[in-house]
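> I need the structure of the sequence given here:
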Amino acid sequence: MLRRDEERASARLVPYDTDGPAVAAARRDARRFETLYRKYVAQVYSFALYELRDPHLAEDVTARTFMNALAGLPRFRERPDRPAGSFRVWLFQICRNAIANERRDARRHRTTTIDAALATPAPAPDQASDPAAAAVMRDELSAAWQQIEALPADRRRALVLRFVLEMNSREIGAVMGKTEGAVRVLLHRALRSVARGMPERD
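Model prediction:
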């Protein structure tokens, strides 16, 4: 009985948004917004770059995202009990809208490949001394990203949010305007498509 009561109490706990204090400080003094900017600027830029495939457009969208976030901060209401209630998710919703606006305003087809958005990670210490292993890893990463680039936009976006920006299904759903179940289906189908397109290894 006691254990059941503890489980119920645990289920009622509201998760703590670690950005709360920084948001409150920025509301009091706009100069304190820099803390939030520094924390998320790389993530927002990465998301914009994966979506737009153009570093200059990604920079513009990133700047617009933070300007809009700063302007809208007095209206933001933290709701840690809801996936859309955290500052991080709210920020990425603003970024998603800025990207959509950029696409609507585009007058030509973007031809930059995803290679501009992706940097091959440095080899792990044990691979640094094994050029052959490092070359295999680079080839596999390149093949994987070719498969990811060929995915429908929503599947590719879900993969980026999950595995690059490390969002959970609830956060991804809030950013993309989908349910958690729909996000899990997207991720499952995306991973299955990527795996099917990968060359078999010896």
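> Break down the chain into its helices, ranges please.
Shown for the chain, the helices assigned by DSSP state H span residues 2-12, 20-28, 33-52, 55-72, 87-105, 125-128, 131-149, 153-159, 169-176, 180-197.
> Quick one: work out the angle between the last one and helix 169-176.
The one in question is helix 180-197. When axes from the mean of the first three to the mean of the last three CA atoms, to 10 degrees is applied, the directions of helix 180-197 and helix 169-176 differ by 90 degrees.
> What lies in contact with helix 180-197?
By CB atoms under 8 Å, 6 or more residues apart in numbering, the list of residues contacting helix 180-197 from outside reads 83, 143-144, 146-148, 150-151, 154-156, 158-159, 162, 169-170, 172-173, 176, 178. From N, CA and C alone the C-beta is placed, and that goes for glycine too.
> was I right about residue 58 contacting residue 52?
Yes. In this structure, residue 58 is within contact of residue 52 by CB atoms under 8 Å, at 5.4 Å.
> if we can go back for a sec, weed out the non-buried ones from the contacts of helix 180-197.
Taking 16 or more other CB atoms under 10 Å as the criterion, what is buried in the contacts of helix 180-197 is 83, 147-148, 151, 155-156, 158-159, 162, 169-170, 172-173, 176, 178.
> got any ranges where the protein has weak pLDDT?
Low-confidence segments of the chain, defined by pLDDT under 70: 1-17, 79-85, 107-144, 198-202.
> Which residue ranges make up each domain of it?
Per the record, the chain has its domains at 13-111, 118-202, by automatic domain parsing.
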